[in-house]
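K.L.:
Here's a sequence, model it:
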Amino acid sequence: MNRMLGEYADADAFLRAIAALRSKGYARLEAYTPYPLHGLDEALGAPRSRLARAAFVVGIAAAAGAYGLQWLVDAYLYPLDVGGRPPHFPLAFVPITFEMGVLFAAFTAFFGVLALGRLLRLWHPIFEVERIESATSDHFWLEVAAADRCFDVERTAADLRQTGAGHVALIEEVGS
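P.N.:
Okay, the predicted model is just below:
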């Protein structure tokens, strides 16, 4: 899939460029920035991440599973009379229940960030763009995907330059 990238030197100009392109109908935009920008997700129109909800659900399920397993083993299968306590004494189950919920929620968050952030890739076509390494130090890059309904090579390049892009690059991938 082809894509076009524009380089911006200033964060405010970068956010204004995103707003201008979105007002022209561009929807498939991706940002590469050297540091987090307040308001970038809203400017790109990105939906809220489902990761927090997934971590919560997995954490609750793991806690319920841990509590259920403890109940099954201690109160149902092998009940022991220890110190006159009843076989099902909930306070004894709290530490393991809590720890399992936290552990599985943390695993979900960790592996979810790797998967949803696409951090497992060792190579991406934008790595071949000249000066893209400036996205890690001081410049901002905006990508317009060819799958965008407004994408046209000449028009998109002109729109990026019009919004203040200092350098515009087209990535043509083999087989697209």
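
K.L.:
in this protein, which segments are predicted with low confidence?
P.N.:
1, 174-176 (pLDDT under 70).

K.L.:
quick one: the residue nearest to T136 when sequence neighbours are not counted from A157, how far?
P.N.:
Among residues not flanking T136 along the chain, P34 sits closest, at 5.7 Å (Cβ to Cβ, 6 or more residues apart in numbering). For the C-beta atoms, the positions are set from N, CA and C on the backbone; glycine is no exception. As judged by Cβ to Cβ, to the nearest Å, P34 and A157 stand 24 Å apart.

K.L.:
just L116 next, same as before
P.N.:
30 Å.

K.L.:
Following element in sequence after the longest helix that the chain contains, please.
P.N.:
In the chain, with assignment by DSSP state H, the single longest helix is helix 90-116. Next along the chain after helix 90-116, taking DSSP states H and E as the criterion, comes strand 140-145.

K.L.:
Mind listing what's buried along that next one?
P.N.:
By 16 or more other Cβ atoms under 10 Å, the buried positions in strand 140-145 come out as 140-144.

K.L.:
Likewise for stretch 124-137?
P.N.:
For stretch 124-137, by 16+ other Cβ under 10 Å, it's 126, 129, 132, 134-135.

K.L.:
Report the two of those residues separated the most.
P.N.:
I126 and S134 (12.1 Å; Cβ to Cβ).

K.L.:
Between those two, which contacts overlap?
P.N.:
W141 (Cβ atoms under 8 Å, 6 or more residues apart in numbering).

K.L.:
Give me the residue at the spatial middle of the protein.
P.N.:
The centroid of the chain falls nearest to G117 when counting by Cα atoms, centre = their mean (4.1 Å).

K.L.:
quick one: which of L116 and A157 has more around it?
P.N.:
Legend: neighbour count by other Cβ atoms under 10 Å for L116 and A157, higher for A157 (17 against 12).

K.L.:
excluding its backbone neighbours, what's nearest that one?
P.N.:
V168 (5.1 Å).

K.L.:
element containing that neighbour, please.
P.N.:
Counting by DSSP H and E, V168 is part of strand 167-171.

K.L.:
Can you list the strands that that strand pairs with?
P.N.:
strand 3-8 (antiparallel) (DSSP bridges).

K.L.:
Please work out how many residues are found near the residue nearest to S134 when sequence neighbours are not counted.
P.N.:
Take S134 and drop its neighbours on the chain: the residue closest to it by Cβ to Cβ, 6+ apart is E7, 7.0 Å away. By the other Cβ under 10 Å criterion, the neighbourhood of E7 contains 23 residues.
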